[in-house]
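Trainee: fold the following for me, if possible:
(one chain, ligands or ions: 3)
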Amino acid sequence: MLAFALTLLAAAAAAVVRPVTALGSSCSSPLGAGTAAPNDPYWLQNIKHQGIAAFNSNPSSYQVFRNVKDFGAKGDGVTDDTAAIKCGGGTCDSSTTTPAVVFFPQGTYKVSSPIIAYYYTQLIGDARNPPILLADATFTGMAVIAQVPLMASTSSLPGADADPYIPNGGGAQWYVNQNNFFRSVRNFIIDLRQMPASASATGIHWQVSQATSLMNIVFQMSTAAGNAHQGIWMENGSGGFMGDLVFNGGKYGLWVGNQQFTVRNITVNNADTAVYSIWNWGWTFQGVTINNCQTVGAVAIIDAFASNTPIFLRNSQPSNGKLAGSVVLNNVHLTNVPTAVGVVGGATVLAGGTTTIDSWAQGNVFSGTSQSAKFVQAAVPAPTKASSLLDSAGRIFGKMHPQYEDYAVDQFVSVRDQGAKGDGTTDDTAALQAVFDKFSGCKIIFIDAGTYLVSNTLTIPAGTQVVGEAWSVILGSGSAFQDQNNPKAVVRVGSPGDEGIVEISDIIFSTRGPAAGAIVVEWNVHSNEQGGAGMWDSHIRLGGAAGTNLLVANCPAGNTDASCAAAFLALHLTDQSNAYLEGTWVWTADHDLDSGGSRQTSIFSGRGILSESAGPVWMIGTASEHQTLYQYSLVNAKDHYLGLIQTETPYYQPVPAPPAPFSVNSNFDDPSFSSSQTSAWAVHITNSQDIIIFGAGLYSFFQNYGQTCLDNNTCQSQIFDIDTASTVFVYSLSTVGVTWQLSVSEQGVIPASAGPNGFAETASVWTR
Ligand SMILES: *[C@@H]1O[C@H](CO)[C@@H](O)[C@H](O)[C@H]1NC(C)=O
Ligand SMILES: *[C@@H]1O[C@H](CO)[C@@H](O)[C@H](O)[C@H]1NC(C)=O
Ligand SMILES: *[C@@H]1O[C@H](CO)[C@@H](O)[C@H](O)[C@H]1NC(C)=O
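Mentor: Ligands and ions are numbered 1, 2, ... in the order given. You can find the predicted model right below:
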């Protein structure tokens, strides 16, 4: 637990102008550059809106896309009828049947009370001219869309609110923050400057979990001395991604308490404290720029620039020993920053100046098979970074979620216009395949909101750019996906050996059970362009949602019914591929999102993410949970940057113990399971080179649904294995419920007992 303030850095984006070559496409005019006219709005505003919510109780009248101007938005406040359909004011249940995009055209929206960001909703501003949400001087409430309950307390906090408090609810919130999935807010300027400097004005209240993102948002705050403004306010939650954010002014850029969070590319200018963390179990900051802030701090920070800041990272705890918490710094450039790491009211731990910190840690350092921890506040071994992973300035490469803001509406093709139904019952395999075959590389393919059932492999050719709407679902179903001895891809991204770009965003890949033989996404494409083959805000969700047939009614906790199998393997990066994954959640449901949100299920998916790629591979803000054999497996992989990765072991294990109900399949290089390995591997690495893990949260909270094992870290013995043939660099590793945090060749090496850190145990560095 670090209390601190921080300023980090943004990777300057090299604008990529790319000629798109479509392979396997028969279209005659390649897409080329965007042709939107200077005054055109963002394409999303005017594209035909015909997305549906296939499993809504009234799909014919339910409206997925809502332009706030159609709901009376003019200047001061927005009345949105989502309040009628969705929760408001009490404890809310999760639901996958009310997906929505709330779109804000260019303009300035004066708001005097919060806009509520509902469950399963994307708030999207015009990406060409981001709308300004201007908090009125009289603003009351917590955060900025729809009618909002006022807070029990009276502080004035504008901005978007992802999880409102219930008035007089004793701190109760609408949503359980650890189950607050599927939300995204993009392309806004949130301006708090008309509010009094003394008001604790807040841009966004963001209490969220996996499959959430904040992206391309500028926060304008007071620069008055002693002001109380803050950009993001987050007290709890459980994971997620945010990136491409700029904070100007304020007392705090981000005031945060959360776990397993990934932040990429933020700039904080002139805040008193850039990042203030009340608690955390693992935050990875990648690419941060901090200018003229009073203090700065974080947990695992890679590629940072800070200037004219008294302290880069300030720790609330004394700097003696374990209480100091874990800090890892890599490639941190300081300009006129006298103290690099310091303690509140106390000592300088690491002097600053104008200097570069190559690789430094505070915490326990391990190497090889030695079980003894060495607590350091010192330089630590740096990872080998493959040049293919780095941008031209030597930072880990990053690429923003593509939004195609320069493209005109007629450069898109809608799959519904081409005959796909997306109603969750019609077999759309042929219709979708025809769209990809005809338009890949010539149009951006728009998958209107809906659930598209496919009964056989759908191939997304190299050269494709495809965009969903409120997480359009591709659902594999039927006899093709039944045989675990002969598994078959639901979606195949390129064929082995294919070269070209692929961009996938805002899509969920899923199955309808049973589907023990489904490889949900097989990724074969290779791009010579850095980050050319990638996926953003796209997820693999297995069971737990309407239409999957894997719900609490037929797959309640404790069942071992073979019909509750959801997949053989969720995501396979094959040996010739490479990939950029940002904000990807691979989740086999542990509970049913559509039956109250808390009823547990036992659903079986064999494997999470398997990478055999020779790289470069970036997994930025990814998570993989509840798969039977492993969450992440790297076999013969090379040149990967993984930061942060998060896992959970299935709650039912060890009943049955893995690989049951699957079997070990050597064609997929499965680990073998000794009789003592009665739980899934979170991470299993075999014969792989130059793998950097920069932040990991590997959790094992249950044993056959019981939690007494948490008391003495016996929910599982080993969770993370690296064989001796691999070169892996591990930083900022947190675990919960396990006896050994890391093993070498399946022998425990890092004892969890060496690194207590609040709720979790943390090891700062492991190298071979
Ligand atoms: C959320 O965080 C606040 C601290 O800001 C704490 O008081 C509250 O108990 C937390 N709620 C949950 C549900 O963890
Ligand atoms: C970083 O974010 C800014 C906007 O905040 C954006 O302009 C820039 O392209 C981003 N850079 C990368 C590498 O994503
Ligand atoms: C852990 O605690 C349980 C009781 O909750 C006990 O049965 C078990 O023996 C303990 N295991 C170890 C290794 O201490």
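
Trainee: model confidence for residue 178, exactly?
Mentor: For residue 178, the pLDDT comes out at 65.

Trainee: quick one: the strands in the stretch 101-250 of the chain?
Mentor: Assigned by DSSP state E, counting those that start in this stretch, the stretch 101-250 of the chain shows strands spanning 108-111, 115-116, 121-125, 132-135, 160-161, 183-191, 202-205, 212-220, 230-234, 240-248.

Trainee: around ligand 1, pick out the residues from the protein.
Mentor: 235-236, 257 (CB under 6 Å from any ligand atom). The C-beta positions use only the backbone N, C-alpha and C, and glycine is treated the same way.

Trainee: export these as a markdown table, with columns for distance to ligand 2 and pLDDT.
Mentor: Below are the residues of the chain next to ligand 1 laid out as a markdown table (distance: CB to the nearest ligand atom, whole Å; pLDDT from 0 to 100):
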| residue | distance to ligand 2 | pLDDT |
| --- | --- | --- |
| 235 | 24 | 78 |
| 236 | 26 | 77 |
| 257 | 24 | 77 |
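
Trainee: which other helices and strands does the longest helix seen in the chain contact?
Mentor: Determined from DSSP state H, the single longest helix within the chain is helix 429-439. In terms of contacts (3 or more CB pairs under 8 Å, 6 or more residues apart in numbering; DSSP states H and E), helix 429-439 is packed against strand 444-447, strand 451-454, strand 458-460.

Trainee: of the strands of the stretch 101-250 of the chain, which shows the lowest average pLDDT?
Mentor: strand 160-161 (a mean of 57).

Trainee: ends of stretch 584-600, what's the gap?
Mentor: 23 Å (CA to CA, to the nearest Å).

Trainee: so who does the residue nearest the centre of the chain touch?
Mentor: Centroid-nearest residue in the chain, with CA atoms, centre = their mean: residue 583, separated by 3.1 Å. Remark: with contacts taken as CB atoms under 8 Å, 6 or more residues apart in numbering, residue 583 is in contact with 211, 213, 240-241, 401, 536-538, 620-622.

Trainee: mind checking the backbone torsions on residue 468?
Mentor: phi -100, psi -180 (degrees, to the nearest 10).

Trainee: kindly state the beta-bridge partners for it.
Mentor: Taking DSSP bridges as the rule, residue 468 bridges to residue 447.

Trainee: can you tell me how far it is from ligand 3?
Mentor: Look at residue 468 and ligand 3: by CB to the nearest ligand atom, to the nearest Å, they are 45 Å apart.

Trainee: do residue 307 as well
Mentor: From residue 307 to ligand 3 the distance is 50 Å (CB to the nearest ligand atom).

Trainee: any idea which helix or strand carries the residue lying closest to that residue once chain neighbours are set aside?
Mentor: Nearest residue to residue 307, sequence neighbours excluded (CB to CB, 6 or more residues apart in numbering): residue 335, at 4.0 Å. For residue 335, the host element (DSSP states H and E) is strand 327-343.

Trainee: so which bits of that strand are buried?
Mentor: Within strand 327-343, the residues scored as buried using 16 or more other CB atoms under 10 Å are 327-334, 337, 339-343.

Trainee: what packs against that strand?
Mentor: Looks like strand 327-343 contacts strand 300-307, strand 311-315, strand 348-367, strand 728-736, strand 760-767 (3+ CB pairs under 8 Å, 6+ apart).

Trainee: same thing but 7 Å
Mentor: strand 300-307, strand 311-315, strand 348-367 (3 or more CB pairs under 7 Å, 6 or more residues apart in numbering; DSSP states H and E).

Trainee: check the contacts of residue 583 against ligand 3, which are close?
Mentor: Okay, of the contacts of residue 583, nothing touches ligand 3 (CB under 6 Å from any ligand atom).

Trainee: and the residues you listed as JSON lines, adding distance to ligand 2 and neighbour count?
Mentor: Below are those laid out as JSON lines (distance: CB to the nearest ligand atom, whole Å; neighbours: other CB atoms under 10 Å):
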{"residue": "211", "distance to ligand 2": "20", "neighbour count": "25"}
{"residue": "213", "distance to ligand 2": "13", "neighbour count": "24"}
{"residue": "240", "distance to ligand 2": "17", "neighbour count": "29"}
{"residue": "241", "distance to ligand 2": "12", "neighbour count": "28"}
{"residue": "401", "distance to ligand 2": "9", "neighbour count": "24"}
{"residue": "536", "distance to ligand 2": "11", "neighbour count": "26"}
{"residue": "537", "distance to ligand 2": "14", "neighbour count": "26"}
{"residue": "538", "distance to ligand 2": "17", "neighbour count": "25"}
{"residue": "620", "distance to ligand 2": "10", "neighbour count": "30"}
{"residue": "621", "distance to ligand 2": "13", "neighbour count": "31"}
{"residue": "622", "distance to ligand 2": "17", "neighbour count": "28"}
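
Trainee: pull the most distant pair out of the buried residues of strand 327-343.
Mentor: The span of the buried residues of strand 327-343, defined through CB to CB, is set by 331 and 343 at 23.2 Å.

Trainee: what about stretch 266-273 and ligand 2, touching?
Mentor: No - counting by CB under 6 Å from any ligand atom, no contacts exist between stretch 266-273 and ligand 2, the nearest distance being 6.5 Å.

Trainee: how many other residues sit next to the residue nearest to residue 483 when sequence neighbours are not counted?
Mentor: The shortest distance from residue 483 to any non-neighbouring residue, by CB to CB, 6+ apart, is to residue 517 (4.2 Å). Neighbourhood size, residue 517 [other CB atoms under 10 Å]: 22.

Trainee: residues in this structure within reach of ligand 3, list them.
Mentor: By CB under 6 Å from any ligand atom, the residues of the chain that approach ligand 3 are 708, 711-712, 714.

Trainee: can I get those in CSV with pLDDT and secondary structure?
Mentor: Shown next, in CSV, are the residues of the chain next to ligand 3 (pLDDT from 0 to 100; DSSP: H, G, I helix; E, B strand; the rest coil):
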residue, pLDDT, secondary structure
708, 96, helix
711, 93, helix
712, 94, helix
714, 96, coil
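
Trainee: neighbour-wise, which of these leads?
Mentor: Highest neighbour count within these: residue 714, with 15 neighbours (other CB under 10 Å).

Trainee: if we can go back for a sec, what helix or strand is the residue nearest to the centre of the chain on?
Mentor: strand 579-588.

Trainee: wait, does that strand contact ligand 2?
Mentor: No - shown here: strand 579-588 not in contact with ligand 2 (CB under 6 Å from any ligand atom), separated by at least 9.5 Å.

Trainee: and the angle from that strand to strand 240-248?
Mentor: 130 degrees (axes from the mean of the first three to the mean of the last three CA atoms, to 10 degrees).

Trainee: when you give positions from now on, start the count at 30
Mentor: Okay, using 30 as the starting number, the last item reads as strand 608-617.
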